[in-house]
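A.B. asks: sharing a sequence plus its predicted fold:
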Amino acid sequence: MRRILLFLVVFVMYLYSHASFLFAQQTYYVQSLKARVMTTPSFKGKPLTELGKGFKLTVLGKEGTWLKVKFGSSQGYLPALLLSPKPPLEKQGLIKGEEDVLQHGVRRRASTYTSAAAARGLTQDDRRRLSRDEKVDYESLEKIESVSVSPEEVTRFMEESRL
């Protein structure tokens with residue numbers, strides 16, 4: 001049973017790491033105010049440039065949670081959470097009223113978290129579900145993304161486990 005489970009984990013990781021063929025060249029748009037394009041699919045890579053909200057670019061492939069993008073004559077990587085195949089919505093003002101009324105105890109701007117969630121198209125229920133103090137552990141994410149299994153290792157695993 002352990003071997004089958006291990007095989008499934010290794011096989012899924014192999015498919016996930018080689019899933020760039022699933023992304024044909026598509027047009028995507030930057031959804032955040034600023035998106036830093038990196039040289040490698042990692043936050044530890046060197047930044048190439050920063051793109052603003054609504055910037056149109058072409059996605060060439062996917063590596064883990066990163067998308068390989070082409071902008072102008074350059075190529076780099078962006079986290080998939082910052083991109084969408086649909087252009088960002090225009091900014092809408094929700095609070096209306098007299099200026100002196102607005103200054104007394106009314107919050108004028110949404111939190112960064114709420115703005116980012118809305119830009120990604122999350123509903124209020126989705127935001128409520130995700131807001132239970134969940135934090136992103138980028139260090140662990142980097143470790144997980146750095147794991148790679150060669151085709152030879154997968155073949156050897158399959159042969160040894162006789163699946």
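C.D. replies: Looks like it arrived, so ask away.

A.B. asks: which SS class is Phe11?
C.D. replies: The three-state assignment at Phe11 reads helix, by DSSP: H, G, I helix; E, B strand; the rest coil.

A.B. asks: in contact with it, which residues are there?
C.D. replies: For Phe11, the contact set (Cβ atoms under 8 Å, 6 or more residues apart in numbering) comprises Val154. The C-beta positions use only the backbone N, C-alpha and C, and glycine is treated the same way.

A.B. asks: just the pLDDT for it.
C.D. replies: pLDDT, Phe11: 71.

A.B. asks: once you drop chain neighbours, what's closest to Ser32?
C.D. replies: The shortest distance from Ser32 to any non-neighbouring residue, by Cβ to Cβ, 6 or more residues apart in numbering, is to Leu82 (4.9 Å).

A.B. asks: burial check on the residue lying closest to Gln26 once chain neighbours are set aside, number of neighbours?
C.D. replies: Spatial nearest neighbour of Gln26, excluding adjacent residues (Cβ to Cβ, 6+ apart): Val59 at 5.0 Å. For Val59, the count of nearby residues is 20 (other Cβ atoms under 10 Å).

A.B. asks: so who does Val59 touch?
C.D. replies: Contacts of Val59 (Cβ under 8 Å, 6+ apart): Phe23, Gln25, Gln26, Thr27, Tyr28, Leu67, Lys68, Val69, Lys70, Leu83.

A.B. asks: tell me the SS of Glu152?
C.D. replies: Going by three-state DSSP: Glu152 is helix.

A.B. asks: got a list of what it touches?
C.D. replies: Here Glu152 is in contact with no residue (Cβ under 8 Å, 6+ apart).

A.B. asks: biggest strand in this structure by residues?
C.D. replies: The longest strand of the chain (DSSP state E) is strand 56-63.

A.B. asks: paired strands for that strand, with orientation please.
C.D. replies: strand 26-30 (antiparallel), strand 66-71 (antiparallel) (DSSP bridges).
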